[in-house]
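Novice: The sequence and its predicted three-dimensional model are supplied below.
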Amino acid sequence: MSAALYAANPRFSDRKHHVATTAALIVLFWAFAALLVIAADREIGPLSPHVSIVAELAAIIAAGFAYMRLTARDATVDHALLVGTLWLFFAIIAEIAVTAHFGHAWFELLGAPAKPIYRCLLMFAWVAAPALFASGRS
């Protein structure tokens, strides 16, 4: 009986989603990650830049895990890399938009250019975080 119920009501992550639903979930989980990164940068950054970068990386990886497990459990590496690339694109666009709006540089999502190692780590994390939790198929 439980097999019949399971087949009738698959988990949300096992369903094939409409393109609009997938797009909305990608943006929603990116926004979640971006808010965590901004919070880590503002709260922990002044105390310790090294701990801040670790917290920011952990936030991005946690969002990648949450996206892949809650919405796209059986997604391929290709899908995960596309999501990660979109997350990086959103972070770049957000930084450009905030910089243009306030008239001064804003580097909270990607890190300051003065610290290129941290910046590269954050950019790599935006792309790779969802792919870390993708299924092995491509």
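Specialist: Sure, I can see it. All of these numbers come straight from a predicted model, not from anything done at the bench.

Novice: Starting from Ala31, give me the distance back to Trp87.
Specialist: Distance of Trp87 to Ala31, given as CB to CB, to the nearest Å: 10 Å. For the C-beta atoms, the positions are set from N, CA and C on the backbone; glycine is no exception.

Novice: Neighbour count: the two, which is higher?
Specialist: Using other CB atoms under 10 Å, the more surrounded residue of Trp87 and Ala31 is Trp87, with 27 against 14.

Novice: That one: what secondary structure?
Specialist: Recorded secondary structure, Trp87: helix (DSSP: H, G, I helix; E, B strand; the rest coil).

Novice: pLDDT score for it?
Specialist: Trp87 is assigned a pLDDT of 97 by the prediction.

Novice: Assess the claim that it and Ala125 are in contact.
Specialist: No - applying CB atoms under 8 Å as the test, Trp87 and Ala125 come out as separate, 9.2 Å apart.

Novice: what residues are shared contacts of these two?
Specialist: Ile60 (CB atoms under 8 Å, 6 or more residues apart in numbering).

Novice: What is the burial count for Ile61?
Specialist: For Ile61, using other CB under 10 Å, the count is 17.

Novice: Check Arg73 too.
Specialist: 15.

Novice: So what does it look like in phi/psi?
Specialist: phi -60, psi -40 (degrees, to the nearest 10).

Novice: need the strands for the protein, in chain order.
Specialist: In the chain, no strands are defined using DSSP state E.

Novice: so where's it uncertain?
Specialist: Across the chain, the ranges flagged by pLDDT under 70 are 1-17, 136-138.

Novice: let's see it at 50
Specialist: 12 (pLDDT under 50).

Novice: Tell me which stretches of it form helices.
Specialist: Along the chain, counting by DSSP state H, helices occupy 2-8, 19-43, 49-70, 77-102, 116-128.

Novice: Same list (those helices) but as TSV, adding distance to Ala134.
Specialist: Shown next, in TSV, are the helices of the chain (distance: least, CB to CB, whole Å):
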stretch	distance to Ala134
helix 2-8	23
helix 19-43	14
helix 49-70	6
helix 77-102	4
helix 116-128	10
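
Novice: Pull the number of nearby residues for Ala59.
Specialist: Ala59: 22 neighbours (other CB under 10 Å).
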